[in-house]
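No sequence on hand, only this structure:
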């Protein structure tokens, strides 16, 4: 697992998330640890290195 820090698209706080680098590309939903709003996370790994990550708010 890789810890990654980013800014929440709702509350703009810096939060951390553990990413599983055993799967090259994945998309999942996880709640912000500060404001509890759902965030769509799409990390892309290559050779066990994080190449890019997309963090999106889930409009309700």
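Nice, thanks for sending it over. Fair warning: this is a prediction, and the values are worked out from it, not measured in the lab. Numbering: from 1, shown residues only.

drop to CA atoms for contacts and neighbour counts, all remaining ones
Fine.

Can you check what pLDDT the model gives the residue lying closest to residue 57 once chain neighbours are set aside?
In this structure, residue 57 finds its nearest non-sequential neighbour in residue 39, 5.0 Å apart by Cα to Cα, 6 or more residues apart in numbering. Model confidence at residue 39, given as pLDDT, is 96.

Could you check what's spatially nearest to the most centrally placed residue in the chain, not counting adjacent residues?
What sits nearest the mean C-alpha location of the chain, by Cα atoms, centre = their mean, is residue 41, with 3.9 Å. Excluding the flanking residues, the one nearest residue 41 by Cα to Cα, 6+ apart is residue 55, at 5.0 Å.

Compute the number of surrounding residues for the one you found.
16 (other Cα atoms under 10 Å).

next one: residue 39
With other Cα under 10 Å as criterion, residue 39 counts 20.

still on that earlier bit, check the secondary structure at the residue nearest to residue 41 for me.
strand (DSSP: H, G, I helix; E, B strand; the rest coil).

who's in contact with stretch 3-18?
Identification of contacts with stretch 3-18 by Cα atoms under 8 Å, 6 or more residues apart in numbering yields 1, 2, 19, 32, 33, 34, 35, 37, 39, 55, 56, 57.

Is there a quick ChimeraX command that grabs whichever of those are buried?
To isolate the buried subset of these in ChimeraX, counting by 16 or more other Cα atoms under 10 Å, use the following:
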select :19,32,37,39,55
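
Show me where the chain dips below the pLDDT cut-off.
For the chain, the stretches flagged by pLDDT under 70 are 60.

show me where it has strands.
Assigned by DSSP state E, the strands in the chain fall at 2-7, 14-19, 28-31, 38-46, 49-57.

ok so, going back, so the residue nearest to residue 41 touches residue 44, yeah?
No. In this structure, residue 55 is not within contact of residue 44 by Cα atoms under 8 Å, at 11.7 Å.

No further questions, thank you.
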